[in-house]
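Peer 1: Quick one, what's the 3D model for this:
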Amino acid sequence: MLTRAAVLQEVPGSFELAEVELDDPRPGEIRVKMKAAGMCHSDDHFAVGTQQVPILPIVGGHEGAGIVDALGPGATGFAEGDHVVFSFLPVCGRCWYCAKGMQNLCQLGASIGTGARFTDPTSFRMSMDGRPVGQLAGLGVTAR
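Peer 2: Okay, the predicted model is just below:
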């Protein structure tokens, strides 16, 4: 589906609204209609170049909230209409840190800078003009 997002296309640069193609949810995934999204100083670090951008273009925003509007095959724990909040800290629920109640140190955190899904650094959920578009901290909440 086509949607609008705050996209950074060059560094140094600025996030600008652009149309991106958003994939349908894959197995075990959900799609969320965003109701609130935040851009913060972290996004600005990427735009001005003080923090390395993993891929260009990239959709900004890693804090937001919305409502589940689609479920991929086998997605469990959610239903259409559920309200959700996004956090840029991944939590696998299985690593040593998660098992000890220290989810803020989850081992998946090492991959938040790829612009892709935490479990697959080559997998993107958005595209623009036929090329992959990264998602800041694996989220890119300014889309949809």
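Peer 1: going forward, measure contacts and count neighbours with C-alpha atoms only.
Peer 2: Fine.
Peer 1: mind checking how far Cys106 is from Pro54?
Peer 2: 20 Å (C-alpha to C-alpha, to the nearest Å).
Peer 1: quick one, which of those two is more surrounded?
Peer 2: Ranked by neighbour count (other C-alpha atoms under 10 Å), Cys106 and Pro54 place Cys106 first, with 20 against 17.
Peer 1: Show the contacting residues for that one.
Peer 2: 89-92, 95-98 (C-alpha atoms under 8 Å, 6 or more residues apart in numbering).
Peer 1: Could you export those as CSV, including neighbour count and pLDDT?
Peer 2: Shown next, in CSV, are the contacts of Cys106 (neighbours: other C-alpha atoms under 10 Å; pLDDT from 0 to 100):
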residue, neighbour count, pLDDT
Leu89, 18, 76
Pro90, 20, 74
Val91, 19, 80
Cys92, 16, 81
Cys95, 15, 89
Trp96, 13, 92
Tyr97, 16, 92
Cys98, 16, 91
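Peer 1: Tell me the one among the residues you listed nearest to Val7.
Peer 2: Using C-alpha to C-alpha, Leu89 comes nearest to Val7 of the contacts of Cys106, at 21.2 Å.
Peer 1: How much space separates that closest one from Ala70?
Peer 2: 23 Å.
Peer 1: now do Pro27
Peer 2: 11 Å.
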